[in-house]
Structure formats: structure tokens, C-alpha cells
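Novice: need coordinates for the below:
(chains A and B)
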Amino acid sequence: MNIVVCIKRVPDTSESEVKIDQSGKDIVKDGLVFNINEADNYALEEALLIKEKIGGTITLITMGPKESEDTLRMGLAKGADTAIRLDDPAFEDSDAYATAKVLASCIKDIDHDLILTGCIASDDGYSQVGPSIAEILGIPHAAMVTGIEIKENMVEASRELEGGLLEVVEVKLPALLTIQTGINEPRYASIMGIAKASKREIVLKGLGDLGLKDDEVGRKGSNTVIDKFMIPVQEKMAEFIQGPPEEAAEKLTGILKERGLV
Amino acid sequence: MKKIFVLVEHRKGEILDVTYELLSGAGSLASKIDGVVEAILIGYKVEPMADKLKSLADRIITIDQQNLENFNSEHYQKILTYLIGENNPYITLIAHSCFGVDLAPSLAVEVNRPLITDCYALDIDGDKIKGYRQMYGGKVNVEISPVDCEGYIFTIRPASFTPEQTSRKGEIVKIDSPIKEEIAYRKFLRYVEVEAGEVDITQADIVVGIGRGIKEKENIQIVQELAEAIGGVVACSRPVVDAGWLPKERQVGSSGKTIKPKLYIALGISGAFQHVSGMKGSDTIVAVNKDSNAPIFGVADFGIVGDLMKVVPVLKDKIKELKAS
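Specialist: Numbers count the residues shown, from 1 in each chain, chains lettered A, B, ... in the order given. Take a look at the predicted model:
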């Protein structure tokens, strides 16, 4: 089973304040910690589990700056075989559709039975790139997958629906699956693995290597354009209880008592 | 006259709430562009559902065939590609649901139209249309424009539009399925219900929810103690279940349970829309979070900005003191 995993390096903003930068079309990323996108990490782990079970190869692909080589190396350290970074000035301002075109043009030249991506990126949250790649390559897909069983020439995939209901579908290989968080327990790379991966080659490909024209990617190849970022104005805001923990806890207990909740 | 397509989402013979929301949103857009609302209903034995949509759409296009009984994005994509080609709708609205997420991106590629996913609002000004959506877990709002095209596709976040009763006189138009042969590369097999656990969080009056801010599995113990002191149960947001620290039946949110307790205490939960949609109906909501700008404070009645590991133990003590007095 030859597996391609698309991954992305993203900033972690889950517990930090987000500020808009001078362009008005991005956030200030200084001081933020970058890591592999959470859902992509589960996709990578799923690929490693399949490889361990039935054999095959894992090719990691990312579209991103030089810094994202760290993310690729972490994947190599865990057991991926090859890592490709797609980067070109022409790729700048690519929307989800243009990004899918870039990734698909790289994947089409790689022998693949299964393509795995995360089901959502924690930064832009489009949930769009994975299924778009499948359509461009002309292969079937299933999105938001929480369980995979590989069978002969096909995969049985469980999809998570609203309210916790699961839908089980059969998808013929080659196929693309977008992986939901929680499908497995992503491993950590070993120290030895990290040391070895630091010396591995990462293949760099640009516009020409992918056989794309510059009007197919970047701003010109995109179907959508970001106008502006705005900090949400909350229509209503919680009444903040001030003071050190002890004092705040005391005040809150008083409020809960008043409301007949304790 | 410009057409606005709304894809009807249904499961096991029931139209889902989000469809009524989309029809209402489509109605407001239609009034701005002098357009018509057309509901697209794909399924098997759909007539009872079509009847329910008559007052909400100007036309209900039904494609009724046994192999369409269950959702299958491949079937839907083929049919919508055909309908978009035949009718050239200016706008196509699809729910940003597990169903829509599986369908819309590949559909947009096939019909070669711009797609903006997960919009909470749309705006039309003349011939310019814009989508509004969130990024970074709800911490920024983003305005996005599609490039000029004859038609656009949007997926709409559930609960973005309020369903309204209208008095349209929808005509039901039956269309034969353009799918002539079985699609062999993707099949629906079955539904699997999530197993019921020992604690039913939907029945509790007080629920203490934990999120990513809990950091370590061991830290759940102090939250458990708080829940016991206050007479509630422990629930959580998705990352806690993903980490394997609490079972799936404790998850609150769009892919978990919807709860409406008298009191909900959110600890270390940032307030992403998926979680909020499962708990916003709670009577009183208290949130504790390190980030004073966390979206959870926009939903909460009372907020404490701080480290839950410091707040929770003292809160437990204060509640115990109160109950003992």
C-alpha cells in the first residue's frame, strides 16, 4: 500500500490572543508556536499504522516555507519514507482550490493507493483541500473519517456524522480520505529517529517541476480572495469576576447561590 | 430571474433543522436580488418531505430513486452537477455539516465555480457577493470575495440563519436522476449508533465541561472533585475525547451531545463553534479561561480569566463550605 499524506505546519493559537497584522489579511505570528496541524498528525499516524500492518511506503507532502521542513522531518522520524516540500513564489496567496491544484499535480506523479489528509486545518479551517485533490485526480474520497479498514481493492471507512452517529462507507482504491482527530493515538518520534531524520534529504519542488503554469496557482489561480480579517465583536460578553482565584471563587459561589444553583 | 439553490439535508426521512435555516437565509438573499428560492431534494420516497417545503421555496426539485435513499456524496455530486448545468443557479447553499463537507469541495471543482466554506453570513451588494467566516478557532472573522463567475457555492455553518415561516407557493418539480448506472466506487453500507455510556450528560442539571486547557489526564481528578462537590457530572469538548481521557459519550458539541443543564461550567474550553452549538442552551454558563478574548466568554454569563488549575480547587472548597453551612 503506497500512501501519500498531505500535512501542514500551523501556528497554535488555542490558548493565545490573536492579533491582526499590518496587511489586515493575516494574523501576527511572532511568538506563536508552530506545529503539525492536529488532524494531519492523526492522518500521518493512520498511515504509519497501515504501513506497519500491511507494508508499503509513506510519502509526506507539504506546501509551505523552509520552516515546514521541521514538520516533514518529524514525520520522517516517525517512519515516513520520503518527504517533499512544495514551494515557489508563484504559490503565494493560493486559496484552498489553488493549493489543491499544487498538491494534486505533485501526487499525480507518485505511485499511490491511498491519500490521507487532515479533515480540517486549525488555522483557516476550510475543510476543502482534501476532497478537492481527489476530484482533480479523478478518484473517490470520504471526508471526516474516524475509522479505516483496508480490504482488497477498497477501504471501509467510518465517517462521523452529527450527534455521534457513524456512517460506514465503502470506497474503491485509489482513494483519498480526510482524517478526523481522535481516530488513533499519534506517537511521538524517538530521539534516535529525530537524529536520523535530521540528515535526510527533503525533495523541493516548484512550479516548473510540477508542470503548472503561474496562472493556475497563487492569486491568479485562486477562486477566492481574502478581503480582510476582523477581530469578532461579541454581541454579549460575560460578566467578568475579578480578583485572585480565592476571591473570584468566593464571588462566583455567591452568584451561584443567589441563582439557586448550589 | 436569479436562482438560489438550497440543498435539502435529510436523514432517515427527516429534514434536518439546518435546511430550514438555509431556506430562510436564501429567502433574504432572494429578496435582495429579486431571485427565487429552489430547494433541491434528493432521496427516496421524498414526497412527504417535499410537502413540508412548499411554503419555504418557490420550486422544489425532487430526484426520487431507491439508490438515493442514503446520502452518498458521489451520487449527490453527479446530480448537482447536472442540475447546476441545466439551471445555472447564481447561488448554491449547502450546509457546512458532515454531509456538506464531504460534498461541496469536489462539487465546486467539478462545476468549476468558486466555493467559500463554513460561512456564518453572506452579503450581496449589487453584483458583488461576499462570504463571512471564521478562522483560528473563532478568534478572527474573515471577509472573503469569490472571483467573478456566473454562480457561486457556499457552505453555511449551522445556526447562522434563523428559520422563518414564509408563504411561498412552492411547485414540486420531479426530475429523473441523471445517474443511469450504479456508481461502484463509493457505497453506503450502514449507520452505527454511538454506544450509551454509564453517565448520561444530557440528563444532568449541572455539567462541568473540560477542554484542551486541562493539559494532562491526571488533572481531570480535581475537576471530578469539583463536579462531586457541586452535584454535577463531568463532560468535555472534542480534544479531551481525542486524547482518550474521557469516553465519547461525555463529549458536548456538534459531533457529540447537545445539553441544556441549569448550570454549565466551561473549564479551559476556548469556545469553538462546534462545542458551543452543543451547550449554548444551558440556563447559566460560567467560563474559566486563560485568554480573556476566548470566544467562550461571548457565550458565558460569568467569566473568570485565569488558570483553571488554580481556580478549580478553591472553587471546590468554597462550594463545600457553602453546602456545609
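Novice: phi, psi of the closest residue to B:W245 other than its chain neighbours?
Specialist: Distance criterion Cβ to Cβ, 6 or more residues apart in numbering or on different chains; nearest residue to B:W245, sequence neighbours excluded, is B:K217 at 4.6 Å. (C-beta placed from N, C-alpha, C; glycine too.) For B:K217, the backbone dihedrals (degrees, to the nearest 10) come out as phi -60, psi -40.
Novice: B:K217 contacts B:Q224, correct?
Specialist: No. Using Cβ atoms under 8 Å, B:K217 is not in contact with B:Q224; the gap is 11.5 Å.
Novice: is any residue of stretch B:269-288 near chain A?
Specialist: Yes. Using Cβ under 8 Å from any Cβ of the partner chain, stretch B:269-288 reaches chain A at B:270, B:284-287.
Novice: how many neighbours does B:D51 have?
Specialist: Around B:D51 there are 12 other residues, counting by other Cβ atoms under 10 Å in any protein chain shown.
Novice: quick one, phi psi at it?
Specialist: With angles defined as degrees, to the nearest 10, B:D51 sits at phi -60, psi -40.
Novice: now A:Y97
Specialist: The phi/psi pair for A:Y97 (degrees, to the nearest 10) is phi -70, psi -50.
Novice: so what's it up against?
Specialist: Residues near A:Y97 by Cβ atoms under 8 Å, 6 or more residues apart in numbering or on different chains: A:128, A:132, A:221-224, B:108-109, B:114-115.
Novice: which of those sits closest to A:A104?
Specialist: When those are ranked by distance to A:A104 (Cβ to Cβ), A:S132 comes first, at 7.9 Å.
Novice: quick one: contacts for residue 16?
Specialist: Using chain A here. A:S16 neighbours (Cβ under 8 Å, 6+ apart): A:31-32, B:291.
Novice: wrong one, chain B
Specialist: Neighbouring residues of B:L16 by Cβ under 8 Å, 6+ apart: A:162, B:9-10, B:95, B:97.
Novice: tell me the spacing between it and B:K54.
Specialist: 18 Å (Cβ to Cβ, to the nearest Å).
Novice: likewise for B:Q224?
Specialist: 51 Å.
Novice: closest to B:V234 among the contacts of A:S16?
Specialist: Checking the contacts of A:S16 against B:V234 with Cβ to Cβ, the nearest one is B:D291 at 22.1 Å.
Novice: is it true that that closest one touches B:G268?
Specialist: No. Between B:D291 and B:G268 there is no contact under Cβ under 8 Å: 10.1 Å.
Novice: of those two, which one has the most company?
Specialist: Between B:D291 and B:G268, counted using other Cβ under 10 Å, B:G268 has the larger neighbour count: 29 against 19.
Novice: pretty sure the more buried one is touching B:G209, no?
Specialist: No. The pair B:G268 / B:G209 is not scored as a contact, 9.0 Å apart, by Cβ under 8 Å.
Novice: tell me which two in the contacts of B:L16 are the farthest apart.
Specialist: Among the contacts of B:L16, the pair separated by the greatest distance (Cβ to Cβ) is A:E162 and B:H10, at 12.5 Å.
Novice: more neighbours, these two?
Specialist: Each of A:E162 and B:H10 has its neighbours counted (other Cβ under 10 Å); A:E162 has more, 21 against 16.
Novice: list the contacts for that one?
Specialist: Taking Cβ under 8 Å, 6+ apart, one finds B:16, B:97-98, B:254-255 in contact with A:E162.
Novice: now swap in A:I183 and tell me
Specialist: By Cβ under 8 Å, 6+ apart, the neighbours of A:I183 are A:42, A:45-46, A:145-148.
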